[in-house]
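> below is the sequence, then the predicted model.
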Amino acid sequence: MPLIWQKHSGPMSSIGLWRIQEDISFFKRKYKFPEKLPTHPARKSESYAARLTLKTLMELHNCPFSGLKKKKNGQPYIPGSQSLFSSLSHSSQYALAGINTSPIGVDIERIDPRLQKLRHKFLSEEECPYEDPISLCICWTAKETAYKYFGHHLKNDQTLNMKKDLKIRWHDEKLYVKSRWGQIEIIYFGWDQHIISYSL
C-alpha cells in the first residue's frame, strides 16, 4: 500500500513508512532495477518494499532514481546522487526508508522478548539498566540507526562494532548515541508493536 506515515524535515529530507500487504509480484512490477536481494520470499518482499519506499520518496522530491548499490560493508547508496544520503530498514510487516542531504539513519524493529538473551552482544549495563523488551528494543533500534548514520564515514570494507564503537547516553529523557565521529540524538516512538527510530 502507499506510504502510511511520512515525515518531512526540509526540502530534501524525508522519511516514509510502508505497510507490506502486497505479494512479491507487485514489487517486481514496481521495482525493476537489477539488484541482489534475499532469496527467501518474505525477506525478498521486505527488501523490495524498503526500496520501493525509497523510490517513492525520491519521486516525491522529483529526484531521478535508478536503483541502489551497496559498499562491501553493506552500506547502501544512491548512484549518481553524491549529495543525497539514504537509509533503509524493514521488519516483517513494515518497510522504512529515509533520504537527506546530510547523513541519516532509520530503523524499525518488532518488540521481541528474545532481545533479553541478546542484549550482552550489543549493550552494556551502563547504557541500559532495564531488562524489559520495550526498553531493549529502543536501545537496539537506536544503535542500528546510529550504525547507519555513522556508516557513511566508513570505507568499503570497514564496519562498526555495536557494543564497542557505539555508546548510548540518556540525558533529560532524550536518547543519544556517541561514536568517534561525534554524538547524535535518536528520535524514537512506538508503532503497532514495533519501535521506529531515526536521526538526521
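That came through fine.

> buried ones in stretch 117-127?
Neighbour counts over stretch 117-127 (16 or more other C-beta atoms under 10 Å) mark Arg119, Phe122, Leu123, Glu127 as buried. Bear in mind the C-beta positions are built from the backbone N, C-alpha and C, glycine included.

> per-residue pLDDT of the first one, please?
Model confidence at Arg119, given as pLDDT, is 92.

> enumerate every residue touching it.
Applying C-beta atoms under 8 Å, 6 or more residues apart in numbering to Arg119 gives the contacts Cys128, Glu131, Leu136, Cys139.

> and it, how far from Pro133?
As defined by C-beta to C-beta, to the nearest Å, Arg119 lies at a distance of 10 Å from Pro133.

> what's the longest helix anywhere in the chain packed up against?
In the chain, ranked by residue count with DSSP state H as the criterion, the top helix is helix 41-60. Packing partners of helix 41-60 (3 or more C-beta pairs under 8 Å, 6 or more residues apart in numbering; DSSP states H and E): strand 13-19, helix 24-30, strand 85-91, strand 94-100.

> which of those is buried the deepest?
The highest average neighbour count among the helices and strands packed on helix 41-60, using mean count of other C-beta atoms under 10 Å, belongs to strand 94-100 at a mean of 26.

> what angle separates that strand from strand 85-91?
Per axes from the mean of the first three to the mean of the last three C-alpha atoms, to 10 degrees, the angle that strand 94-100 makes with strand 85-91 is 170 degrees.

> could you spell out the sheet neighbours of strand 94-100, each with its direction?
If you go by DSSP bridges, strand 94-100 pairs up with strand 13-19 (antiparallel), strand 85-91 (antiparallel).

> centre of the chain versus the first one, how much separation?
This means strand 13-19. Taking C-alpha atoms, centre = their mean, to the nearest Å, one finds the center of strand 13-19 at 10 Å from the center of the full chain.

> state the mean pLDDT of the lengthiest strand in the chain.
In the chain, assigned by DSSP state E, the strand with the most residues is strand 182-191. Here strand 182-191 scores 97 as its mean pLDDT.

> okay, domains of the chain per the record?
3-104, 108-199 (automatic domain parsing).
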